[in-house]
Structure formats: structure tokens, C-alpha cells
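# Here is my input; please provide its structure:
(one chain, ligands or ions: 2)
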Amino acid sequence: MMKRLLITGAAGGLGQMARARLPHLAETLRLSDIGDLGSAAPHEELVQCDLGDKAGVDALVAGCDGIVHLGGISVEDSWTPIRTANIDGMFNLYEAARAHGQPRIVFASSNHAIGFHRQTTHLDASAPTRPDGLYGVSKVFGEAIASMYHDKFGQETAIVRIGSCRPEPADHRMLATWLSPADFVRLIECAFRAPVLGCPIIYGASDNDAAWWDNSAARYLGWRPRDNSEKFRADLDARLDRPAPDAPVSRYQGGVFTADSIHEE
Ligand code: NAI
Ligand code: 15L
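Residues are numbered from 1 along each chain as shown. Ligands and ions are numbered 1, 2, ... in the order given. As a prediction, the model looks like this:
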């Protein structure tokens, strides 16, 4: 058990899930976001912090022996907010980790780092990145920061290219990309319990029949997703029209993000 686990982005969708489901990993959860975090339970510390604030992030990381980094812009946006949260924020986080004992990090990367690969292509951890927008580019940058700090300083990170982490898949594409919250929690547990983590790229998807991604290079972590989106297929078929086969959501792994333009400031 860790003494203090930092969860960034704790006011967000996955952050709220992590806040509820990760207390067993540490004596104290330090929860951080730029947004409102409500009130603290006895095992919680709440710290409002902008990831773009270097001194603030340094203080945030001090005293933590693990980090689940969920904070940042999580969809396509204009450059300035992406740069502040996902570019400057990643650099600030890794510099803080370097200064404070190199706590192990789980980094929420995204399938949008490889979003322009076709859905007919099966990818493993060695696949070239093909970001599908500025958001995807920022995740590629984040992965590069994690890799460089590992090679140069030995900083360990689980780079998780999350597919679609939500209670249920919302469309047919998500039959491939769906990651159940329970499987994500199991992955975070494995990342902190592994004797040696290194800096693996892990595709964050459940054990879906429709899968595109191969996690065999990360099997040493012992993570075996247990859920499968197939149980939602009949309901999706009944509720939703099948998208046209040449629509972005049917062609590319990143789905509709590939059709987004550059957002004006
Ligand atoms: P979210 O948008 O609900 O949560 C992100 C949180 O980060 C928000 O509470 C927001 O206030 C905070 N944030 C934004 N800018 C910030 C800044 N400058 N400083 C401090 N905090 C800031 O996103 P969600 O769905 O919870 O995702 C969490 C992480 O997982 C994100 O990094 C996202 O890119 C990644 N991810 C999520 C997926 C999903 O299916 N939910 C899929 C792939 C990646
Ligand atoms: C992401 O990166 C987003 O954060 C999330 O909101 C979903 O849209 C997910 O990817 C997805 O591709 O389904």
C-alpha cells in the first residue's frame, strides 16, 4: 500500500471513478483538478491546481509515491488550452516527479494518438503513432515525455492508450475501444503492484471480441481484462443505425475525431 497517491483530473469523469475506486491503493488520496472537487473525506487531500502552473505542480507532487495522471484536455480543442494542460502540464508533472523521488505514474494517453490507423489494422505497442488532431498530438507528446524520462532518468510510467472508458459502449465503434471501469481499475492496480514497471505502452481496452489492439508486449504486468463489450452488441444493433462503411466512424480507429478540423482560438 502506498502512503499517498496523487490523482490528477479528479473532478473529471474518470477522476471521479478513480476517487471512488482506488482508496485501497494508498493511505491517503491527494486529489487535484483545476475544477471543483467538493469536500474531502478523511482519507483525502484536495488540491486545486492548474497543470500549467510549474510551481503548483511541483508542490502537488511532493510527498506522493504514486500518480494516476488523468488531468488535462480530454477531447479536441483549440491549441492554447491543449498546450497549457497537456504539453506544459506533462512537462511540469515529469519535472516534479524527477525532483520528488520519481513516483510511479499511470498516464492516461488516448487512442487518438493512433486514431488515423484504419479499423482493419491491428496494432501492437510498436505501431507508429498516427494522431487524429491536436488532442492526439498532445498525447503523442505526453508519451514521448514519459519515454524520455524513462530512458534518461529511469522514471517508470504505464502509458495507457485508453479506448473508451465508460459504463457501456455508446456506439458500434466502441465495441472495439470499450474499456470497462473495472478493467481500468485492475490495470492501475497491476501498474502499481508490478515489481518492475518500465515504460510500457498498453492499449486500454477490455477483452472485447471486436478488439483491434494487441497487448502481448505488456503481459508481464499480469493485467488480464475480464469484461467484453459483446454483451452490448444486440442492444446497440436494436437502438442505432449502422454508420455508413465509408464514414470516419467506420473507417478510422479514432472515429469522428478524424473528421474534426483545427479549432480556432
Ligand atoms: P474529463 O475531461 O472528464 O476530465 C479531465 C479533467 O482534467 C477535468 O476535470 C478538467 O477540469 C481537468 N483539467 C483540464 N485542464 C486542466 C488544467 N489545465 N489543469 C488541471 N486540470 C485540468 O476527461 P476524462 O474522460 O475523465 O478523461 C481523463 C483522462 O483520460 C484524460 O487525460 C483523457 O485524455 C484520457 N482519456 C479518457 C478517455 C475516456 O474514455 N474517458 C479515453 C482516452 C483518454
Ligand atoms: C478520448 O480520448 C476521450 O477522452 C473520450 O472522451 C472518448 O471520446 C474516447 O477518447 C473515445 O475515443 O471514445
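# Lys3 looks like it's in a strand, true?
Yes. Counting by DSSP: H, G, I helix; E, B strand; the rest coil, Lys3 is part of a strand.
# Name the residues of this protein found near ligand 2, please.
Within the chain, the positions near ligand 2 by Cβ under 6 Å from any ligand atom are 74-75, 110-112, 164, 177, 255. Every C-beta, even on glycine, is put in place using the N, C-alpha and C of the backbone.
# Only the buried subset of those residues, as a PyMOL command please.
Remark: buried members of the residues of the chain next to ligand 2, expressed as a PyMOL selection using 16 or more other Cβ atoms under 10 Å:
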select buried, resi 74+110+111+112+164+177+255
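# Of the residues of the chain next to ligand 2, which are in range of ligand 1?
Restricting the residues of the chain next to ligand 2 to those near ligand 1 by Cβ under 6 Å from any ligand atom leaves 74, 110, 164.
# Distance of the second one relative to Pro243?
Ser110 sits at a distance of 21 Å from Pro243 (criterion: Cβ to Cβ, to the nearest Å).
# that older thread, in strands, which of the residues of the chain next to ligand 2 fall?
Counting by DSSP state E, the part of the residues of the chain next to ligand 2 found in strands is 110, 164.
# Out of the ones next to ligand 1 among the residues of the chain next to ligand 2, which is nearest to His263?
Nearest to His263, judged by Cβ to Cβ, of those is Ser74 at 14.0 Å.
# Find me whatever residue is spatially closest to the closest one, sequence neighbours aside.
Distance criterion Cβ to Cβ, 6 or more residues apart in numbering; nearest residue to Ser74, sequence neighbours excluded, is Gly12 at 6.8 Å.
# With Ala259 instead?
Pro248 (4.3 Å).
# OK, contacts around that neighbour?
By Cβ atoms under 8 Å, 6 or more residues apart in numbering, the residues touching Pro248 are 255-256, 258-259.
# now with 6 Å?
256, 258-259 (Cβ atoms under 6 Å, 6 or more residues apart in numbering).
# do you know how far it is from ligand 2?
Computed as Cβ to the nearest ligand atom, to the nearest Å, the Pro248 to ligand 2 distance reads 12 Å.
# Check Arg118 too.
With Cβ to the nearest ligand atom as the criterion, Arg118 and ligand 2 are 15 Å apart.
# and if you look at Cys64?
According to Cβ to the nearest ligand atom, Cys64 stands 24 Å off from ligand 2.
# does the residue nearest to that residue when sequence neighbours are not counted sit in a helix or strand, and which one?
Nearest residue to Cys64 in three dimensions, chain neighbours excluded: Leu6, at 4.2 Å (Cβ to Cβ, 6+ apart). Per DSSP states H and E, Leu6 falls inside strand 2-8.
# May I have that strand exported as PDB, CA atoms only?
Taking Å, rounded to 0.1, in the frame of the first residue of the first chain, the C-alpha atoms of strand 2-8 are listed here in PDB:
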ATOM      1  CA  MET A   2       1.300   3.500  -0.900                       C
ATOM      2  CA  LYS A   3       1.300   6.300   1.600                       C
ATOM      3  CA  ARG A   4       0.000   9.000  -0.800                       C
ATOM      4  CA  LEU A   5      -1.400   8.500  -4.300                       C
ATOM      5  CA  LEU A   6      -2.000  11.600  -6.400                       C
ATOM      6  CA  ILE A   7      -4.900  11.600  -8.800                       C
ATOM      7  CA  THR A   8      -5.000  14.500 -11.300                       C
END
